[in-house]
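[1] What follows is a predicted protein model with its sequence.
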Amino acid sequence: MDLDYSEDDKAFRARARAWLADNIPETPRPPEGHEAAQWDRAWQAKLAAGGFAGLSWPKDYGGAGLDGVKQVIWFEELGRAHGPHQGAMGIAMNHAGPTLIMRGTEAQKAFHLPRILSGEVIWCQGFSEPGAGSDLAALSTKGVIEGDEMIVNGQKMWTSNAHHATYQELLVRTDPAAKRHKGLTWLICDMRTPGIEIRPIKNMMGEHHVNMIFYDNVRIPLSNVVGEVGDGWSVAMSTLAFERGIYYVPEMLSMIEKVQQLTDLAGRTRTETGALAIEDGSIAARLAAMKAKTLALRALCISTVGSSRTARQPGPEGSMVKLYVTTVYKELAQLAADIIGIDFLDYDDDRTSNRWTYEYMWAWVLTISGGSSEIQREIIADRVLGLPRAR
């Protein structure tokens, strides 16, 4: 693809930069809780009002209909302005919305897409289970059809922002006789439906971000099935393709800035010997390698979003993006730990005073969420490289 910016691209960059300069929130985002979710919804509403919501969504569904290069430009400018991430709106904007555009009925699109773009609703994902995390095909939460409803019983695990969500993308087993990925169904679940119980889980950073969810005879209209009954695996693969591709573009671009911040930190942090960390040859070499890797990530980022010009949805190559981003993120966080030294262990649940410690723990979370690194390697080997399956 052509990596030169067109005049139209340059004009979009100027417009995005000017809008961000006038609209970046003056108050910081609360670290968690209801206030944080409301803050995310307000930012999404502001994006929608400014014409910067759903940049890659088709215009027919309220998006801007822009190409991948302009998405990269937007994320670059957002990072330059130290703008907020999507936070609790991430599942709605990057999973549910694109999946409904690809696989939903016209009635589902007409109802849900405007509410997502405007920030009116938050979505969560009901895929992982206690016995089926990265091995999604092993899920056992049951859906039984009764009249014009699906009755759901079972449990989901590690559900981000379920305690704030209005809707959930829910994957259930509707044919117990079918093996593995067959006999699954993708549903839109209203989280206000009777029979749903949400129990909080605190992560190692001390945050309530993820949850357990229990379903006790939860009745969901069959009109909420996305795709066909029994075709949930195919629909879920669409969802995960979006999650593992475009979803990580902001993370890729932010790491370029983080390397510079870490280089500055090494230039003012003294080691036990009294020398500056940057004067340590091995630290300097690792910083240089990290710089090269993040620039490679940017190239991968442009290639990934550029594929949206020719493909209706991301392919299995998204697993390469996810794997490389999370691997480099972990390396970056480990380098921060080595530069800071013993003070790195001083963490008191305050991410502002312990920013790099928080980043280190979050890097481990990223290697599991959205499918573990081991699963990504299997997908790359099987679906990208065409290697024979391990026996």
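    Structure received.
[2] Report the contact partners of Val328.
    255, 290, 293-294, 297 (C-beta atoms under 8 Å, 6 or more residues apart in numbering). All C-beta spots, glycine's among them, are computed from the backbone N, C-alpha and C.
[3] meant to ask about Glu32
    207-209.
[4] switch the cut-off to 10 Å
    87-88, 161, 205-209, 351 (C-beta atoms under 10 Å, 6 or more residues apart in numbering).
[5] How about Val226?
    96, 99-100, 102-105, 108, 169-170, 185-188, 232, 235-236, 238-239.
[6] which residues does it bridge with?
    Beta bridges link Val226 to Trp186 when assigned by DSSP bridges.
[7] Okay, now the unreliable bits of the chain?
    1-3, 241-248, 304-317, 349-353, 370, 390-391 (pLDDT under 70).
[8] Can you show me the strands along it?
    123-126, 142-146, 149-156, 167-173, 184-190, 196-202, 208-221, 225-226 (DSSP state E).
[9] Pull out the buried members of the contacts of Glu32.
    The neighbour-count test (16 or more other C-beta atoms under 10 Å) applied to the contacts of Glu32 identifies 87-88, 161, 205, 207, 209, 351 as buried.
[10] pretty sure Ile145 is touching Val229, no?
    Yes: in this structure Ile145 lies within contact range of Val229 using C-beta atoms under 10 Å: 7.2 Å.
[11] joint contacts of the two?
    In contact with both Ile145 and Val229: 174, 185, 222, using C-beta under 10 Å, 6+ apart.
[12] Check the burial of the last one by counting its neighbours.
    So that's Leu222. 14 (other C-beta atoms under 10 Å).
[13] Ok, the first one next?
    Counted by other C-beta under 10 Å, the residues lying close to Thr174 total 20.
[14] Same check on the second one?
    Thr185 has 27 neighbouring residues, counting by other C-beta under 10 Å.
[15] is it true that it touches Glu169?
    No: here Thr185 does not reach Glu169: they are 11.6 Å apart, not a contact under C-beta under 10 Å.
[16] which neighbours do those two share?
    Common neighbours of Thr185 and Glu169 (C-beta under 10 Å, 6+ apart) are 226, 235-236.
[17] Serialize these to CSV and add fields for distance to Asp40.
    Below are these laid out as CSV (distance: C-beta to C-beta, whole Å):
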residue, distance to Asp40
Val226, 24
Val235, 26
Ala236, 25
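[18] Where do the domain boundaries of the protein fall?
    Annotated domains of the chain cover 7-117, 123-230, 244-384 [automatic domain parsing].
[19] which residue ranges form the helices in the stretch 51-200 of the chain?
    68-80, 90-91, 97-103, 106-117 (DSSP state H, counting those that start in this stretch).
[20] Identify whichever of those helices lies nearest to Val325.
    helix 68-80 (13.0 Å; C-beta to C-beta).
[21] For Leu136, list the residues it contacts.
    127-129, 171, 180-181, 184, 233, 236-237, 240, 371, 375.
[22] how much space between it and Asn224?
    According to C-beta to C-beta, to the nearest Å, Leu136 and Asn224 sit 20 Å apart.
[23] now Gln261
    Distance from Gln261 to Asn224, by C-beta to C-beta: 44 Å.
[24] between the two, who's got more neighbours?
    Asn224 (17 against 12).
[25] mind checking how far the nearest residue to the more buried one once chain neighbours are set aside is from Gln168?
    With sequence-adjacent residues excluded and distances taken as C-beta to C-beta, 6 or more residues apart in numbering, Asn224 is closest to Ile188, at 4.1 Å. Counting by C-beta to C-beta, the gap from Ile188 to Gln168 is 8 Å.
[26] before we move on, back to that, just send the helices of the stretch 51-200 of the chain back as CSV, with mean neighbour count and distance to Met150 too.
    Converted to CSV, the helices of the stretch 51-200 of the chain look like this (neighbours: other C-beta atoms under 10 Å; distance: least, C-beta to C-beta, whole Å):
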stretch, mean neighbour count, distance to Met150
helix 68-80, 21, 35
helix 90-91, 22, 21
helix 97-103, 23, 17
helix 106-117, 16, 15
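[27] Please name whichever of those helices is nearest to Tyr360.
    Closest among those, once you apply C-beta to C-beta, is helix 68-80, at 20.3 Å.
[28] roughly how far out does the closest one sit from the chain middle?
    16 Å (C-alpha atoms, centre = their mean, to the nearest Å).
[29] name the helices or strands packed onto that helix?
    Identification of packing neighbours for helix 68-80 by 3 or more C-beta pairs under 10 Å, 6 or more residues apart in numbering; DSSP states H and E yields helix 7-23, helix 249-266, helix 281-306.
[30] returning to what we had before: farthest pair in the contacts of Val328?
    Met290 and Leu297 (10.2 Å).
[31] Of the two, give the one with the bigger neighbour count.
    Leu297 (23 against 20).
[32] Which residue, other than its chain neighbours, is closest to the more buried one?
    Nearest one to Leu297, counting by C-beta to C-beta, 6+ apart, is Met252 at 4.5 Å.
[33] Distance-wise, check the one you found relative to Arg115.
    Distance from Met252 to Arg115, by C-beta to C-beta: 29 Å.
[34] Equivalent analysis for Ala96, please.
    11 Å.
[35] ditto for Thr99
    15 Å.
[36] ditto for Leu276
    Distance from Leu276 to Arg115, by C-beta to C-beta: 52 Å.
[37] what's the burial count for Ala289?
    If we define neighbours as other C-beta under 10 Å, then Ala289 has 14 of them.
[38] for it, what are its contacts?
    259, 328, 331, 335.
[39] out of those, which one sits closest to Thr271?
    Taking those together and measuring to Thr271 by C-beta to C-beta, the closest member is Leu335, at 13.8 Å.
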